[in-house]
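1. Need coordinates for the below:
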Amino acid sequence: MEQIERPSVSVIEPVGKAIEKTKEILLRPFDLKKWGVIGFCAWLAALGESGGSGKWGRFCTADQNRWPDASEIGIWSASNLFWLIPAAAGVVIFIILLSIALAWLRSRGKFLFLHCVALNCAQVALPWNIYSQQGNSLFLFKLATGLIALFCLLPILALAGVLYWMIGKVHILLLSSTIFLLLILCIGLGIIFKFTNDFVVPIMALRNCRVMKAWQEFYELMRNYKWNFFVYLLFQIALAMALAVIGSLATLLTCCFCFTACIPFAGTYIAAVILLPLGVFARSYSLYYLAQYGEAYNVFAPAPAILLPPETDSFSGGNGI
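-> Residues are numbered from 1 along each chain as shown. Model (predicted):
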């Protein structure tokens, strides 16, 4: 019986290739216009993923250095229901609509950024049209996944709220169990989105297919190489920490956090352009890692037509979600 040769997969080898690809795209030669366009695609691909920081408001209580108890919250809420309910409903609706719009733009941006990195080009309109169906499919998948996670989250928060109301204070067992359940939910959701962005999106582009079909193909690959992808996740944690340190230093040295604080959306674009080498490296790394599983997963193959729908011979058109 013929034995199938298993590919040699390493989490270290793609690091050097990703560094060289980053230099090739951004520095050989250096083109400010190209840098700005790819930076826009990188910004769009991460739009709304890193939220700002803020301070929680406090209720007016006698002791400003403590959290109010359940009775104080109930009294304050009951006396302000006439404006609290419509205001809260308006804020919730606005946040939901804004989150949906950002998620749609972010899903389309994932394919724009992939296109620029894989083909070493700076294009927006053409890949926007080519991958419109795939981008919409990715958006619907993430929206459905988020709704499922929300339905899993609401019972946890509701139970914690009821117990807090009955007990009147935060019990250590209640707090620890709630945090544990939330942590499990966040880890599971994070892994799903991580694999989707790193591997399913490139497979969708290569196969010109919908997100669930790409997930089926990736699941079979992951099922055959469980240990490899477990090591990949561990290495990604270390890599993310290193990139975070580098990004923080670059942010401090360039003061791009000032732009982000003063003009949020334009500021985040400026930050994305300044930190573009980190984004290109991270995107290239996952693509080079995936390519180790065979030429069928290589978006850097000599013929760029592998990223195009079968019916087209130029960067236009597309079919299927």
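2. Please count neighbours and contacts with C-alpha atoms only from this point.
-> Fine.
3. After the helix or strand bottoming out on mean pLDDT in the chain, which helix or strand is next?
-> Taking mean pLDDT, DSSP states H and E as the measure, the chain has helix 256-262 as its least confident helix or strand, at a mean of 54. Along the chain past helix 256-262, the next helix or strand (assigned with DSSP states H and E) turns out to be helix 264-274.
4. just checking, what packs against that following helix?
-> Under the contact criterion of 3 or more C-alpha pairs under 8 Å, 6 or more residues apart in numbering; DSSP states H and E, helix 264-274 touches helix 32-45, helix 256-262.
5. for it, what is the average pLDDT?
-> Helix 264-274 carries an average pLDDT of 78.
6. Dump whatever helix or strand comes next after it to PDB, keeping only the CA atoms.
-> Downstream of helix 264-274, the next assigned helix or strand under DSSP H and E is helix 276-291. Extracted as PDB, the C-alpha positions of helix 276-291 are listed here (Å, rounded to 0.1, in the frame of the first residue of the first chain):
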ATOM      1  CA  LEU A 276       2.200  48.700   7.900                       C
ATOM      2  CA  PRO A 277       5.400  46.500   8.000                       C
ATOM      3  CA  LEU A 278       4.000  44.600  11.000                       C
ATOM      4  CA  GLY A 279       0.700  44.000   9.200                       C
ATOM      5  CA  VAL A 280       2.300  42.800   6.000                       C
ATOM      6  CA  PHE A 281       4.600  40.600   8.000                       C
ATOM      7  CA  ALA A 282       1.700  39.000   9.900                       C
ATOM      8  CA  ARG A 283      -0.300  38.400   6.800                       C
ATOM      9  CA  SER A 284       2.700  37.000   4.900                       C
ATOM     10  CA  TYR A 285       3.600  34.700   7.700                       C
ATOM     11  CA  SER A 286       0.200  32.900   7.800                       C
ATOM     12  CA  LEU A 287       0.200  32.600   4.000                       C
ATOM     13  CA  TYR A 288       3.700  31.100   3.900                       C
ATOM     14  CA  TYR A 289       2.700  28.700   6.700                       C
ATOM     15  CA  LEU A 290      -0.300  27.600   4.800                       C
ATOM     16  CA  ALA A 291       1.800  27.100   1.600                       C
END
